[in-house]
Structure formats: C-alpha cells, structure tokens
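Trainee: Quick one, structure for this:
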Amino acid sequence: MLVKIDTLTAAELYVLAGAAGVSYIFGLPEREQLALTEPDCAVKALDGLIEKGILTKEGKLTRAAFFMTEMLKQYQESKEYVRFNNVMCAFLPDDEERVIVLTEIGPGKVYTFDYLEKREVYLSLISKVSFLMREPREKDRSFLTKPMNPGEKAEVRAMDLDEKEILAVETFRFAAVQSLTDPGFQTTNLYFTKGEDFICIDPLNDRYEWISLYIMNNRIYDALHINFRAGRAMV
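Mentor: Numbering: from 1, shown residues only. Okay, here's the model as predicted:
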C-alpha cells in the first residue's frame, strides 16, 4: 500500500476519517476546535476533497480515498507514536519496516499523510536538521552522555532556544486499556548544539546533559524502532 496525496487540511482529514468511523486524529486539533474557528470548515473540506479528486462529484469515496480512510483508521488505532518536530509517526503492529506519517506543513492548517519506510523518515530528518549531518569527532567516540554541572545548566537555561536549530523528539505510548492508574506515558527530548558540542534536554524531568553524536543517532533509531547497526547502514 503506497499512498501519497498532496497537502490536506485538518478538516479534510476529518471528513475522510469520518468514513472510517474515526472522530479524533491524534496530533490534529479536535474537530470541535476547528468548527469554532471556522464553522463551515466541513463544507469547505468536502468541496476541497472533490476538487482534488479524492472524492467523486457526488461525494463518494474513490480508490485513493478508500486507502486514505484505511490509513487513518490504522493511524488512530496505533498505541505508539513518535514525533520529530512537525512529523508524527504511528507504528503498525504488523509492519516493522513502515510507519504512517502525519506531517504538519502549515501550523494547524495543512498536512501531508503518507505510508513510508522508516528509512525514508530518517533520511528526511537528516536533510532537515543540519547538525545530524556532522562528522563524528574523536570526542563523540570517547563518551556517551555526561550530566551538566550547575553552572553549565544555568548557562544553557539562559540561552534563547528560539534562535537555535532544535530537534524535538517526543514519544507517546498508550495503554491497551487506558485508566487513571495506567494512562500510558510520554517522553520528550530536545536536541541542539552549543558550538561543536551536542546537548539534550528532557524538560519533563528537568534533565540537562551533554551527549555524543553516536548516542543521539542511537536514540533516533530507537525512537523509530530501527536496529542501530541496520540504521547506520542506511546512510
């Protein structure tokens, strides 16, 4: 199954999801929120899908629309996701090589929705985050991670991260049956550089550390469920 359609709005995705009985898409604004900001968004979405040829003029599903609705259903049924900046990946229980990818092109507005090999996701990530392309230094081979001392931590906290190139990696795992005692869990790591050195911040646990390029790549592979040795052979 390979589906690639040009950008879709959040409302268009919800119209397609509705055909599969899906009322919420993880990573998108809720339908009610969309309706509050744009009351006629559903009508515009239907017209947009017809104009793009995804639905027929009568509003019926085309073959492409059918695949999209199936993907949306699988996407929402996933119990585990990873987000790299604006790219959300849903893992599939029966496919170890591919993920379903929701990419935010315009903030809260426009998205792409694809079925991609994990290798494609990783290579795309490298092309967009320049510090992932750096050559390993000897220093990167001599240590894995090192906690920051209070002075280093204070210095990093004073940095304006809006001026930095950042890779945010978030993982979301949900319990098979969610409850107050087992809602699942989330992790967040922010990666960026200070000079030639790499930094990782875990804002949920207030952890600041120096990290080697080797371990940073290892963590990205882990987040995508790619074997590290196999991942190194991809580039």
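Trainee: give the contact list for C89.
Mentor: 81-83, 99-102, 121, 224 (CB atoms under 8 Å, 6 or more residues apart in numbering). For the C-beta atoms, the positions are set from N, CA and C on the backbone; glycine is no exception.
Trainee: Would you verify that it is located in a helix?
Mentor: No - following the definition DSSP: H, G, I helix; E, B strand; the rest coil, C89 is strand and is not counted among the residues of a helix.
Trainee: Is it bridged to anything, and to what?
Mentor: V82, V101 (DSSP bridges).
Trainee: Look up how far L8 lies from it.
Mentor: Counting by CB to CB, to the nearest Å, the gap from C89 to L8 is 17 Å.
Trainee: R98: helix or strand, and which one exactly?
Mentor: strand 95-106 (DSSP states H and E).
Trainee: And for M68?
Mentor: Taking DSSP H and E as the criterion, the element that holds M68 is helix 63-77.
Trainee: packing partners for that helix?
Mentor: Helix 63-77 is packed against helix 10-18, strand 87-92, strand 95-106, strand 110-117, with contacts defined by 3 or more CB pairs under 8 Å, 6 or more residues apart in numbering; DSSP states H and E.
Trainee: try 7 Å
Mentor: Contact here means 3 or more CB pairs under 7 Å, 6 or more residues apart in numbering; DSSP states H and E; on that basis helix 63-77 packs against helix 10-18, strand 95-106, strand 110-117.
Trainee: Tell me which of these is the most buried.
Mentor: helix 10-18 (a mean of 23; mean count of other CB atoms under 10 Å).
Trainee: who's in contact with that one?
Mentor: Outside helix 10-18, the residues that touch it by CB atoms under 7 Å, 6 or more residues apart in numbering are 25, 28-29, 31, 34, 41-42, 44-46, 48-49, 65, 68-69, 72, 108, 111, 113.
Trainee: Quick check on those residues: which are buried?
Mentor: Taking 16 or more other CB atoms under 10 Å as the criterion, what is buried in these is 25, 28, 31, 34, 41-42, 45, 48-49, 65, 68-69, 72, 111, 113.
Trainee: Farthest pair within those residues?
Mentor: Farthest pair in those (CB to CB) is L34 and A65. Separation: 19.6 Å.
Trainee: hmm, back to that, same list, the contacts of C89, but as JSON lines with pLDDT and distance to E170 please.
Mentor: What follows is those, written out as JSON lines (pLDDT from 0 to 100; distance: CB to CB, whole Å):
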{"residue": "Y81", "pLDDT": "97", "distance to E170": "8"}
{"residue": "V82", "pLDDT": "97", "distance to E170": "7"}
{"residue": "R83", "pLDDT": "97", "distance to E170": "4"}
{"residue": "V99", "pLDDT": "97", "distance to E170": "15"}
{"residue": "I100", "pLDDT": "97", "distance to E170": "16"}
{"residue": "V101", "pLDDT": "97", "distance to E170": "14"}
{"residue": "L102", "pLDDT": "97", "distance to E170": "13"}
{"residue": "V121", "pLDDT": "96", "distance to E170": "14"}
{"residue": "L224", "pLDDT": "96", "distance to E170": "13"}
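Trainee: residues near the closest residue to A223 other than its chain neighbours, how many?
Mentor: Of all residues beyond its chain neighbours, the one nearest A223 is V82 (4.6 Å), with distances taken as CB to CB, 6 or more residues apart in numbering. Counted with other CB atoms under 10 Å, the neighbours of V82 add up to 22.
Trainee: quick one: the strand holding R98 to strand 110-117, angle?
Mentor: Taking axes from the mean of the first three to the mean of the last three CA atoms, to 10 degrees, one finds that strand 95-106 is oriented at 160 degrees with respect to strand 110-117.
Trainee: Quick one: work out the angle between strand 95-106 and strand 87-92.
Mentor: In this structure, strand 95-106 runs at an angle of 150 degrees to strand 87-92, with the same axes, to 10 degrees as the basis.
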